[in-house]
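>>> structure for the following, please:
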Amino acid sequence: MALIEGKSNVMVAMSSNKVAYVPLEDAVNKKASIPANYIRICHIISM
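A predicted model of the protein is given here:
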């Protein structure tokens, strides 16, 4: 959809049930912390 709309260098995301475009630079440079219990759950279900 981003390409059809002529957008480039963006990441497509969902925000409040709507499509949102995030500049790739912002997506790569912003650090988000992931709760330790989420990481543990991912580890468990990936086995």
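>>> how about the residue nearest the centre of the chain, secondary structure?
When C-alpha atoms, centre = their mean is applied to the chain, the residue found nearest the centroid is residue 13 (5.8 Å). Here residue 13 is strand, with the state taken from DSSP: H, G, I helix; E, B strand; the rest coil.
>>> any figure for the gap between the nearest residue to it once chain neighbours are set aside and residue 41?
Closest residue to residue 13 apart from its sequence neighbours, by C-beta to C-beta, 6 or more residues apart in numbering: residue 20 at 4.9 Å. Using the backbone N, CA and C atoms, a C-beta is placed for each residue, glycine as well. As for residue 20, its distance to residue 41 is 26 Å (criterion: C-beta to C-beta, to the nearest Å).
>>> what of residue 6?
Relative to residue 41, and taking C-beta to C-beta, residue 6 is found at 39 Å.
>>> neighbour count: the two, which is higher?
residue 41 (11 against 6; other C-beta atoms under 10 Å).
>>> gap between the helix or strand containing the more buried one and the chain center?
In the assignment (DSSP states H and E), residue 41 maps to helix 36-45. In this view, helix 36-45 has its centroid 18 Å away from the chain centroid, taken as C-alpha atoms, centre = their mean, to the nearest Å.
>>> what mean pLDDT does that helix have?
For helix 36-45, the mean pLDDT works out to 94.
>>> ok, now which ones touch residue 1?
Going by C-beta atoms under 8 Å, 6 or more residues apart in numbering, residue 1 touches 12, 19.
>>> in CSV, list the C-alpha atoms belonging to stretch 19-36.
The C-alpha coordinates for stretch 19-36 follow below in CSV (Å, rounded to 0.1, in the frame of the first residue of the first chain):
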residue,chain,number,x,y,z
VAL,A,19,-2.2,2.0,8.9
ALA,A,20,0.7,4.2,9.9
TYR,A,21,3.9,5.0,8.1
VAL,A,22,7.1,5.4,10.2
PRO,A,23,10.3,6.8,8.6
LEU,A,24,12.9,4.0,8.4
GLU,A,25,15.4,6.2,10.2
ASP,A,26,13.0,6.6,13.2
ALA,A,27,12.2,2.9,13.2
VAL,A,28,15.9,1.9,13.3
ASN,A,29,17.2,4.5,15.7
LYS,A,30,14.4,4.2,18.3
LYS,A,31,15.0,1.6,21.0
ALA,A,32,12.1,-0.1,22.6
SER,A,33,12.4,-2.2,25.7
ILE,A,34,10.7,-5.6,25.6
PRO,A,35,9.5,-6.9,29.0
ALA,A,36,11.6,-9.9,30.1
